[in-house]
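Asks: predicted structure and sequence below. I'll ask about it afterward.
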Amino acid sequence: MTRPLLLQGGRVIDPSRGIDQVADLLVVDGKIAGVGPGLAAPAGAEVRSVAGKIVAPGLVDVHVHMREPGNEDEETVASGARAAAAGGFTAVCAMPNTDPVTDNQAAVGFIVRQSVRAGLARVYPIGAVSVGQRGEKLAEFGEMVGAGAVAVSDDGRPVASSHLMRTALEYARTFGIPVADHCEDPTLAAGGVMHEGLVASRLGLKGIPAAAEEIMVGRDCLLAGLTGGHVHLCHMSTRGSVELIRRAKAQGIRVTAEVTPHHLTLTDHACEGYDTHAKMNPPLREAADVAALRAALKEGVIDCIASDHAPHAYDEKEAAFDDAPFGIVGLETAFAVAHTELVQGGVLTLPELIARMSSEPAKIFHLPGGTLALGVPADVVVLDPAAQWTVDPATFRSKSRNTPFAGRALTGRALVTLVAGKTVHDVAASAAP
Amino acid sequence: MTVNLPNLGKDLTGLEHLTPEQIRLILDTAEPFKEVSERPIKKVPALRGKTIVNLFFEASTRTRISFEFAEKRLSADTVNVAATGSSVSKGETLVDTAKNLEAMRIDMVVIRHPSSGAAGFLGQRIRSNVINAGDGKHEHPTQALLDLLTIRDKHGKIEGLNVCLVGDVLHSRVARSNIWGLTKLGAHVGVCGPHTLMPRGIEELGVKFFPRIEEAIEWADVLNILRLQLERMEKGFIPSLREYYRVWGVTPERLERSPRPITIMHPGPMNRGVEIDSRVADGPHSVILDQVTNGVAVRMAVLYLLAGGRPELADAAKRGTGAGGGGSAE
């Protein structure tokens, strides 16, 4: 086994147990062996001072796209897991819109094997809701869960049929997994490339109205209420969605929701000049939406932050706005963007941010991790909340570079990431020649 | 000599980011070029030696011909590239198209493309001047400029006039360029048509919305009647062309109720009996063919100015001193 590791004198924040104190953290045999002040280092232990840094459960991202199988030039499970580790994530959930679609136990098992082989951040597969994500016939949830799937979703090809969504929510109950939905009415959104509003009108681009998302948020909440299933709403973008979720939660409906760092920080004005790095689905909305999403995250109406990491080849975004694909990478900027804008911006406390990027997403997807409880695998991140850096996509571990945050000055980053006690990212090591 | 005269910059991608002075500069430069087309020998040497590519990714008859005449009457060497469908569907990306054009060391590109922003995209990637001949639903600046010139010819001014754009504003690049150009030159702009064909937030651009054509006619000095693309009906924006004509068609009966004669414009091609009644199109207040004539002069002015021609020398340019006189297109 690896040597024991003692992280000394950091600010330990574990929202899962309400801990926020200066303490040591001891890792032995890949597991958390102690959290507390003045821990003694066992014989042969590596002792590392992390005074002034944050020691927290590794970050968890329930929504990423790994592009493997099918588009390995854009990302693989290994390259995505490396990007995740560099961003402070110890676990990420890979959406099934691969080629071929991850819609059966063999395909799910492939993702698990690639994740184990990479040995970096854990990559948990999400299986498809429907065979081929065609929106017709349920995929085999039971077998996929048996092979390691942690949720089902047709993300990328939203579930249009209300009947299929109802069936999926009912059927998923047996296996205790959430059905994650990309909320988009396909007829309202058809052909749209950005938020429907004044900016789209000026640019002459077809808009996607807020109602395209909200109709499906409303539908999904009603169906979760009808079936008792757990619906997880992906990347919420509108203030109307926030109100619908708030109401559903008040009624005790099993709904959880995520929001991306970019929907919390950018508006449709980022599309000015036809910047294809601001093209994502759902689209960037208006300032009032950003404000509502921030408040909802603070309040817990929205449960967690997810990156919707969506790699694209370097030349795909080099196109006219209409012709460019949707999506941006986010694993390596998520924490810093959220920390800079939300914590330094006075919206969330640091423990709140860590909760929404670690313990909460782990809890709603029933994943191990998101905690520093004694005896659990040591999935840990050491964060430097004072580190100032400028986003340079050329340095990304991801195979793709498509980010709207290039050149942005940010504060806060992951120094060390441990998965089961193994160092999968270390700024000090990677800076050495 | 060159005391703070406005110039146009490298490209003309739209009117949104031009100043009123720049727009007036183009209109004023177009004036002397009008006469060239009235000569028996319709050619001046202003752009001799310049290479211009007309790159049309969308079908176009009059805009392409108008540009080509403008280029030829200025003695430029021109090549027409008609790529039906988008470059992407042909397998070549717009970037590759741009790089190939650049490699051939051309001087100017006139581009029409189905994607909004395509002209600006090209302009940012090549050193040659780029002129937008219509990009998606974004802008069609030379059409708006020729509309402005025609209005100015007819009314002697633009400022203070009430100009109403009628029809499918939602999908119209002509409408967007007209809104920018007209508001910058001090006209009051109205739009009229079904709610389904109006862009979101249009009134925030300083535009007055008229739900019914009767109200627009009562208000307007000029009606610029947009072409109703027949596919709009198939896509469900309006129930039928018949009903569109009944509710929004510009007819002599409706115009008769106007307190003043209304100048009638249409960017073409017209759907007679849909958005415009034939008797109106052919009537005494129609300036539709003047628009076409002015199109050549306006495009000559744009080409001349972007090539580095000095506006005060436009008259001299006609006599043979060439473009520039100091301006450098490279």
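Replies: Good, I have the coordinates. Numbers count the residues shown, from 1 in each chain, chains lettered A, B, ... in the order given.
Asks: quick one: the helices in the chain?
Replies: Since no chain was named, I'll use chain A. A:77-86, A:105-118, A:141-147, A:162-172, A:186-189, A:198-203, A:210-227, A:239-250, A:287-299, A:334-338, A:350-354, A:360-364, A:427-431 (DSSP state H).
Asks: meant chain B actually
Replies: B:20-34, B:62-73, B:87-90, B:94-103, B:118-125, B:141-155, B:173-184, B:213-219, B:231-234, B:241-248, B:252-256, B:278-281, B:288-306, B:314-316.
Asks: residue A:165 contacts residue A:221, doesn't it?
Replies: No - the criterion here is C-beta atoms under 8 Å, and residue A:165 misses it with residue A:221 at 11.1 Å. Glycine gets a C-beta too; all of them are placed from N, C-alpha and C.
Asks: of these two, who's got more company?
Replies: The neighbour count for residue A:165 versus residue A:221, taken as other C-beta atoms under 10 Å in any protein chain shown, is higher for residue A:165 (27 against 24).
Asks: OK, contacts around the more buried one?
Replies: Counting by C-beta atoms under 8 Å, 6 or more residues apart in numbering or on different chains, residue A:165 makes contact with A:129, A:159, A:179, A:181, A:219, A:220, A:223.
Asks: so, low pLDDT: which residues of the stretch 301-433 of chain A?
Replies: A:430-433 (pLDDT under 70).
Asks: flag every residue of it that's near chain B.
Replies: Neighbours of chain B within the stretch 301-433 of chain A, by C-beta under 8 Å from any C-beta of the partner chain: A:315, A:318, A:319, A:320, A:321, A:322, A:323.
Asks: repeat that for 7 Å
Replies: A:318, A:319, A:320, A:321, A:322, A:323 (C-beta under 7 Å from any C-beta of the partner chain).
Asks: how close does the fourth one sit to residue B:121?
Replies: As for residue A:321, its distance to residue B:121 is 8 Å (criterion: C-beta to C-beta, to the nearest Å).
Asks: shared neighbours, those two?
Replies: Shared contacts of residue A:321 and residue B:121, defined by C-beta atoms under 7 Å, 6 or more residues apart in numbering or on different chains, comprise residue A:274.
Asks: as JSON lines, the contacts of residue A:165 with distance to chain B and pLDDT would be great.
Replies: Formatted as JSON lines, the contacts of residue A:165 follow (distance: C-beta to the nearest C-beta, whole Å; pLDDT from 0 to 100):
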{"residue": "A:129", "distance to chain B": "29", "pLDDT": "98"}
{"residue": "A:159", "distance to chain B": "24", "pLDDT": "94"}
{"residue": "A:179", "distance to chain B": "32", "pLDDT": "98"}
{"residue": "A:181", "distance to chain B": "26", "pLDDT": "98"}
{"residue": "A:219", "distance to chain B": "22", "pLDDT": "98"}
{"residue": "A:220", "distance to chain B": "25", "pLDDT": "98"}
{"residue": "A:223", "distance to chain B": "28", "pLDDT": "98"}
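Asks: for those, give me CSV that also has neighbour count.
Replies: Shown next, in CSV, are the contacts of residue A:165 (neighbours: other C-beta atoms under 10 Å in any protein chain shown):
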residue, neighbour count
A:129, 31
A:159, 29
A:179, 28
A:181, 26
A:219, 19
A:220, 28
A:223, 23
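Asks: state the pair within these that is farthest apart.
Replies: A:129 and A:219 (14.4 Å; C-beta to C-beta).
Asks: what's near enough to touch residue A:81?
Replies: A:115, A:118, A:120, A:121, A:123.
Asks: just the pLDDT for the closest residue to it other than its chain neighbours.
Replies: Distances taken as C-beta to C-beta, 6 or more residues apart in numbering or on different chains place residue A:120 nearest to residue A:81, at 3.8 Å, with adjacent residues excluded. Note for residue A:120: predicted pLDDT of 98.
Asks: for residue A:120, give me phi and psi.
Replies: For residue A:120, the backbone dihedrals (degrees, to the nearest 10) come out as phi -120, psi -130.
Asks: my guess is it meets residue A:422, correct?
Replies: No - taking contacts as C-beta atoms under 7 Å, residue A:120 lies outside contact range of residue A:422: 9.1 Å.
Asks: more crowded one of those two?
Replies: Each of residue A:120 and residue A:422 has its neighbours counted (other C-beta under 10 Å); residue A:120 has more, 26 against 16.
Asks: give me the nearest residue to the residue in the stretch 51-200 of chain A that chain B sits nearest to, chain neighbours excluded.
Replies: Minimum separation of the stretch 51-200 of chain A from chain B (C-beta to the nearest C-beta) falls at residue A:198, amounting to 3.5 Å. Distances taken as C-beta to C-beta, 6+ apart put residue B:201 closest to residue A:198, at 3.5 Å, once the chain neighbours are dropped.
Asks: do the same with residue B:7
Replies: residue B:305 is the one closest to residue B:7 (C-beta to C-beta, 6+ apart), at 7.1 Å.
Asks: could you do residue A:133 as well?
Replies: Using C-beta to C-beta, 6+ apart, the closest residue to residue A:133 is residue A:157 (4.2 Å).
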